[in-house]
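Enquirer: A structural model of the following input is requested.
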Amino acid sequence: MEEFSIGQQFVVDRLTASTEGLVRAVAHLRQAATGKAADEDIEVIVRRLADAETILAAMNGSAQGDHTAPRPDAEHRQSLRHDLMNALGAIDNYAELIADHDATLSEPANAVRTATHDVVQAVRETGANAPK
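Expert: Numbering: from 1, shown residues only. Model prediction:
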């Protein structure tokens with residue numbers, strides 16, 4: 001079992017915090033879009049966010065932040081990272097479409113995009129500090 005160094009734990013904590021920011025931004029967008037044409041697009045974002053959270057838990061070797069669980073090997077981590085980036089890319093793309101097509105949702109949709117970009121940056125930092 002690989003253990004986290006203090007630096008790796010900091011990056012995992014940052015990734016967790018940035019993901020929580022994304023969850024809040026998606027909830028705000030969902031609330032703002034109630035009854036609007038963007039409902040279907042927002043449901044895609046919600047599903048892909050759920051996928052991203054599941055993948056993040058697997059990347060951290062646990063379902064709820066138990067970092068004593070064994071971490072996936074390097075090949076599996078790479079596959080999980082690819083899946084996570086695909087989920088984040090879908091969230092960003094759908095949020096962009098919503099922002100472009102409904103001016104009243106532009107602000108919350110762009111907040112989702114900003115939060116998504118923060119998670120992507122945290123994933124990149126996590127990858128740079130992951131145990132080999």
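
Enquirer: Convert the C-alpha atoms of stretch 20-35 to PDB, please.
Expert: What follows is stretch 20-35, C-alpha atoms only, in PDB (Å, rounded to 0.1, in the frame of the first residue of the first chain):
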ATOM      1  CA  GLU A  20     -16.700  20.900  -3.600                       C
ATOM      2  CA  GLY A  21     -16.600  24.300  -5.300                       C
ATOM      3  CA  LEU A  22     -17.700  22.700  -8.600                       C
ATOM      4  CA  VAL A  23     -20.600  20.900  -6.800                       C
ATOM      5  CA  ARG A  24     -21.800  24.200  -5.300                       C
ATOM      6  CA  ALA A  25     -21.600  25.900  -8.700                       C
ATOM      7  CA  VAL A  26     -23.500  23.100 -10.400                       C
ATOM      8  CA  ALA A  27     -26.200  23.300  -7.700                       C
ATOM      9  CA  HIS A  28     -26.500  27.100  -8.200                       C
ATOM     10  CA  LEU A  29     -26.800  26.600 -12.000                       C
ATOM     11  CA  ARG A  30     -29.400  23.900 -11.600                       C
ATOM     12  CA  GLN A  31     -31.500  26.100  -9.300                       C
ATOM     13  CA  ALA A  32     -31.200  29.100 -11.700                       C
ATOM     14  CA  ALA A  33     -32.300  26.900 -14.600                       C
ATOM     15  CA  THR A  34     -35.400  25.400 -13.100                       C
ATOM     16  CA  GLY A  35     -38.100  25.300 -15.700                       C
END
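
Enquirer: Off-centre distance for that stretch?
Expert: Here stretch 20-35 is found 14 Å from its chain centre; the criterion is C-alpha atoms, centre = their mean, to the nearest Å.

Enquirer: Likewise for stretch 79-91?
Expert: On C-alpha atoms, centre = their mean, the centre of stretch 79-91 falls 8 Å from that of its chain.

Enquirer: Please apply the same query to stretch 35-46.
Expert: Per C-alpha atoms, centre = their mean, the centroid offset for stretch 35-46 relative to its chain is 18 Å.
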